[in-house]
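>>> Provided below for reference: sequence and predicted model.
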Amino acid sequence: MTVQNLQEFVRALEEAGELIRLRRPISAVREITEIADRCMKSPGGGPALLVEQPTLANGSTSALPAGINLFGSMRRMSMALGVEDLDAIGDRITELLTLKVPEGWREKVALLPKLAEITRFPPRTVSGKPPCQEVVLRGEEVDVERLPNLTCWPEDGGAYITLPQVITRLPQVITRDPRSGVRNVGMYRIQVLGRDLLAMHWQRHKVFAGFLRRKPVALARAVTSELKVPAEAEVVIEGYIDPAEPLVLEGPFGDHTGFYSLADHYPAVHVTAITMRSGAIYPCTIVGQPPMEDFYLGHATERIFLPLLRLTVPEIVDYHMPAPGIFHNLVFVSIDKQYPGQAWKVMNALWGMGLMSLAKVIVVLDKGVDVRDPDEAWWVALNHIDPQRDIRFTMGPVDVLDHASRAFTYGSKMGVDATTKWKEEGFDREWPSRIVMDDETKARVDAMWDDLGIPLTPRVTR
């Protein structure tokens, strides 16, 4: 299933029994957050919610319904990306990355469908009036405060646009490098300061939609700038930043770390237009103490980028960033260990790759460990390490939101070698085998289980 916009996605969720409509008035000031938080922390991520009557801070009702927790489960993320399983995207990337140069005419002909698919990746500009500009507000009509922006937590500095970019269907934060012309599409929280004034929380470290959808993203020119925006977006907020203006105070904000990020100064955005689809749905999310909706968004990214990590670090079998680690605090990595010291090589390679450079703790394990199961990963790691021998520290960049680092965006990192130790690594003792029941005994017990009358589902050994 490939959906074109958020409204199609919401209909698909409702048909699949994944969405609940909340028809009574609910305040965008903390009430929506409390409801969504309870859902997100329930088993499996809870249902997607469509708040049909969001009540604004001034007591009025927003004309736009608010969608929240739309991506807050493995099934909904798979639906959004048009796959049955998130690993299918990584498999497609791996297939493209391992294409061989065709030798004969048969191989060349067989390669044509793949080449045709690649040509569909780049975005394309549409002509005519795009869906995202069915309603256009300019001048005195502009009022961001009429949108159902959430004031999430008690100490937040105000209302925020909390989900300004996910794939291609939501309101976008799009900028373009004035020298190279390259567009940057990212997700940044944005504080609402007035009807036409925002505070942009850009971060210094953070700068495939067509591939994921198997078709190009349709773009249209914005109404008050030369930037091109997704033609199928629900809401587009256009504006400009004047670098000569003083920065404005943004925050505090209850962040994905589970703690408040403190108030600081960021650029002001002057809103010049708001455009939207007819019957637009306003997407929102909340962040806070995990697990939250952002875990599933991050997990999808994790699955997508595994093949790209393997390009540089081919010994990586799998990796996982568990929810309590809030992405950058903890990374489990399993490797196919072939030589002594390989775990340290992998850690250093990862710390040199893009946003993986912000990882605070990297734990490297053998390939037989299921790193997507944090309980198993920690159990093996804590059994395998001698702390003085197997833990090392280094310095480097850390996440902007890391409130414990010794300096802003700079601090220490920890690497843990939890692999089986070799004699070449100075381990002269015998390494024990892992306890696993033999298949014959398990099969006999499986056959008698229904007759035993034990009201348990037997745990399957991985």
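That came through fine. Residues are numbered from 1 along each chain as shown.
>>> hey, let's count contacts and neighbours off CA atoms from now on
Will do.
>>> just the helices in the stretch 151-300 of the chain please.
Per DSSP state H, counting those that start in this stretch, the stretch 151-300 of the chain carries helices over the ranges 209-213, 293-312.
>>> no, scratch that, I was asking about the stretch 351-462 of the chain
Using DSSP H, counting those that start in this stretch, the helices of the stretch 351-462 of the chain run over 374-384, 387-390, 439-452.
>>> Just the residues contacting the first one, thanks.
Think helix 374-384. Pro322, Phe332, Val363, Leu365, Val369, Asp370, Val371, Ala418, Thr419, Thr420 (Cα atoms under 8 Å, 6 or more residues apart in numbering).
>>> what's the third one in contact with, if anything?
If I follow you right, that is Val363. Listed by Cα under 8 Å, 6+ apart, the contact partners of Val363 are Leu330, Val331, Phe332, Val333, Ala381, Gly415, Val416, Asp417, Ala418.
>>> Now distance to Val83, mean neighbour count and mean pLDDT too, for the helices of the stretch 351-462 of the chain, in CSV please.
Shown next, in CSV, are these (distance: least, Cα to Cα, whole Å; neighbours: other Cα atoms under 10 Å; pLDDT from 0 to 100):
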stretch, distance to Val83, mean neighbour count, mean pLDDT
helix 374-384, 25, 16, 96
helix 387-390, 39, 12, 96
helix 439-452, 33, 10, 94
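>>> of all those, which lies closest to Glu430?
Glu430 lies closest to helix 374-384 among the helices of the stretch 351-462 of the chain, at 12.6 Å (Cα to Cα).
>>> and the closest one, C-alpha only, in CSV?
Coordinates of the C-alpha atoms in helix 374-384 are reproduced here as CSV (Å, rounded to 0.1, in the frame of the first residue of the first chain):
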residue,chain,number,x,y,z
PRO,A,374,17.6,-5.4,25.0
ASP,A,375,17.1,-8.0,27.9
GLU,A,376,19.1,-10.6,25.9
ALA,A,377,21.7,-8.1,24.8
TRP,A,378,22.3,-6.8,28.4
TRP,A,379,22.3,-10.4,29.8
VAL,A,380,25.0,-11.5,27.4
ALA,A,381,27.0,-8.3,27.8
LEU,A,382,27.0,-8.4,31.5
ASN,A,383,28.1,-12.0,31.5
HIS,A,384,30.9,-11.4,28.9
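>>> Look at Ser261 and say how many residues are nearby.
18 (other Cα atoms under 10 Å).
>>> One more: Asn149?
For Asn149, the neighbour count with other Cα under 10 Å is 28.
>>> so what's Ile316 up against?
Leu309, Arg310, Val333, Ser334, Ile335, Asp336, Val346 are the contacts of Ile316 under Cα under 8 Å, 6+ apart.
>>> can you tell me which two in those residues are farthest apart?
Farthest-apart pair in the contacts of Ile316 is Leu309 and Asp336; separation 14.1 Å (Cα to Cα).
>>> So between the two, which is more surrounded?
Legend: neighbour count by other Cα under 10 Å for Leu309 and Asp336, higher for Leu309 (20 against 17).
>>> Give the burial count for Val346, as a bare number.
By the measure other Cα under 10 Å, the count of residues near Val346 is 23.
>>> That one sits in which helix or strand?
helix 342-351 (DSSP states H and E).
>>> got the angle for that helix vs helix 293-312?
Helix 342-351 and helix 293-312 are oriented at 110 degrees to each other (axes from the mean of the first three to the mean of the last three Cα atoms, to 10 degrees).
>>> quick one: Glu95 from Ala88, how far?
Between Glu95 and Ala88 the computed distance is 11 Å (Cα to Cα, to the nearest Å).
>>> Phe295 too?
Distance from Phe295 to Ala88, by Cα to Cα: 19 Å.
>>> ranges for the strands of the stretch 351-462 of the chain?
361-366, 391-397, 410-417 (DSSP state E, counting those that start in this stretch).
>>> which one of the ones you listed is the most hemmed in?
Most buried of the strands of the stretch 351-462 of the chain, by mean neighbour count (mean count of other Cα atoms under 10 Å): strand 361-366, with a mean of 24.
>>> angle of that strand against helix 342-351?
Here strand 361-366 runs at an angle of 140 degrees relative to helix 342-351 (the same axes, to 10 degrees).
>>> Would you pull up how far strand 361-366 lies from the middle of the chain?
21 Å (Cα atoms, centre = their mean, to the nearest Å).
>>> Paired strands for that strand, with orientation please.
Paired strands of strand 361-366, with direction, are strand 331-335 (parallel), strand 410-417 (parallel) (DSSP bridges).
>>> average pLDDT across that strand?
Throughout strand 361-366, pLDDT has a mean value of 98.
>>> Contacts only, for the closest residue to Leu249 other than its chain neighbours.
Counting by Cα to Cα, 6 or more residues apart in numbering, Leu249 lies nearest to His265, which is 4.5 Å off, once chain neighbours are set aside. Neighbouring residues of His265 by Cα under 8 Å, 6+ apart: Leu247, Val248, Leu249, Glu250.
>>> any weak-confidence spans in this protein?
Within the chain, the segments meeting pLDDT under 70 span 1, 96-123, 165-186, 203-207, 209-215, 457-462.
>>> ok, residues contacting stretch 390-400?
Applying Cα under 8 Å, 6+ apart, the contact partners of stretch 390-400 are 203-205, 328, 357-360, 405, 408-418.
>>> Please state the offset of it from the chain centre?
22 Å.
>>> do the same with stretch 320-329
Centroid separation for stretch 320-329 versus its chain: 11 Å, with Cα atoms, centre = their mean.
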